[in-house]
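My questions are about this predicted structure, shown below with the sequence.
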Amino acid sequence: MPLVNSVGTCEECHKMFEFTLFHSGVTNSCYAYCEGCGTTAILDISDGRFPLELVKFSAYKVIAPDLERHLKPCACGARFTARAAPQCPHCRQVLSAAKAAQYVERSVAKGSPNWRWQMSWSGNYYIVIEGRQIRNNFK
Ligand SMILES: [Zn+2]
Ligand SMILES: [Zn+2]
């Protein structure tokens, strides 16, 4: 279940985009972004292909770098990596995790006024932009 479905603004081109914020503990998963296009790969810990030795390094946050080689590349041809970040769907600018606090905290504020954004693309929360996601793309 999505935690929040809302709208953000690109700091570069100032256009708006839809995003959904998830908590990887609630969804029992970990995640990575595509280096080429910012698509979100969501990896279920319960998937039989998840390398067991990497679960404790990846669970409920961004993947451990060792998991990268177990993943199929994105449809755009680039890789999903532990250090990649989401991108603006209009101008392809990599979105700043710090500047995302503005639209993410504003979206969550109604339900949880004291909640604070993690200020990174590697914590428990991940976002999917304009529905661009892939699930369990293990090799
Ligand atoms: Zn943009
Ligand atoms: Zn891609």
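Yep, it's here. Ligands and ions are numbered 1, 2, ... in the order given.

The longest strand seen in the chain close to ligand 1?
When the chain is parsed with DSSP state E, its longest strand is strand 16-23. No. Between strand 16-23 and ligand 1, judged by Cβ under 5 Å from the ion, nothing touches; the nearest distance is 7.8 Å. To be clear about C-beta, it is placed using only N, CA and C from the backbone, and glycine gets the same treatment.

Buried residues, that strand. List them.
Buried residues in strand 16-23, counting neighbours by 16 or more other Cβ atoms under 10 Å, are found at 17, 19-23.

Need the residues you listed in a markdown table (columns: distance to Leu71 and pLDDT).
Below are the buried residues of strand 16-23 laid out as a markdown table (distance: Cβ to Cβ, whole Å; pLDDT from 0 to 100):
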| residue | distance to Leu71 | pLDDT |
| --- | --- | --- |
| Phe17 | 24 | 98 |
| Phe19 | 22 | 97 |
| Thr20 | 21 | 95 |
| Leu21 | 22 | 95 |
| Phe22 | 18 | 95 |
| His23 | 21 | 94 |
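
what helix or strand is the residue most central in space within the chain on?
Centroid-nearest residue in the chain, with Cα atoms, centre = their mean: Tyr126, separated by 3.5 Å. Element membership for Tyr126, per DSSP states H and E: strand 125-129.
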